[in-house]
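Asks: sequence plus predicted model, see below.
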Amino acid sequence: MADMVHAVIGDLGVALHTDKTPSREEWDAFMSSIRVVPSARVRVLAITDGGGPSTVHRGQFVKYLDGAKARIAVVSEALVVRGIVTALSWFTNNIRVFAPDDFRAAIAHVDLTQDECDAVKARLREMATRLPGPVRAMRGIDA
């Protein structure tokens, strides 16, 4: 089973992670999908139990951004994720980490309309079925 699943909804990349680092194949698939959106318009919502991009993966993402100040919301309570967000914040200042119970603030940060929010929640529920177990960081999506 996967450790990371993703979707692109309009200009929003959505990633759902277990507590493990995504494989090269999983990250490459995410990057292939997200590159369809110009970096100047991309928004990202990531929900994770602790897994996240490796140093190499982060380098690929920063290269894609090419200086764009993408709005990125990361929902997690894992300390390692805070370190990943800090590292990425050196390259884009619009990235923030939110506690799972603060999902509404994460949605506001990436500027989703109510219709987009409803679509994202439905997609997240579907994506979660492709992971080996529940993602605890999703607990706030119905708040």
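Replies: Here it is on my side, so go on.
Asks: do a quick rundown of the strands in this protein.
Replies: Using DSSP state E, the strands of the chain run over 4-9, 12-17, 43-48, 71-75, 95-98.
Asks: centre-most residue in the chain?
Replies: Ala46 (1.8 Å; CA atoms, centre = their mean).
Asks: what sits against Pro100?
Replies: Pro100 sits next to Ile47, Val75, Ser76, Glu77, Arg136, Ala137, Met138, Arg139, Gly140 when contact means CB atoms under 8 Å, 6 or more residues apart in numbering. In short, each C-beta sits where N, CA and C put it, glycine included.
Asks: quick one, grab the pLDDT at the last one.
Replies: So the one you mean is Gly140. Confidence at Gly140, expressed as pLDDT, is 93.
Asks: what is the residue nearest to the centre of the chain paired to in the beta sheet?
Replies: Counting by DSSP bridges, Ala46 forms beta bridges with Ala15, Val74.
Asks: could you verify my assumption that it touches Ala78?
Replies: No: when contacts are counted by CB atoms under 8 Å, Ala46 is not listed as touching Ala78 (11.6 Å).
Asks: ignoring the adjacent residues along the chain, who's closest to Gly51?
Replies: His17 (3.8 Å; CB to CB, 6 or more residues apart in numbering).
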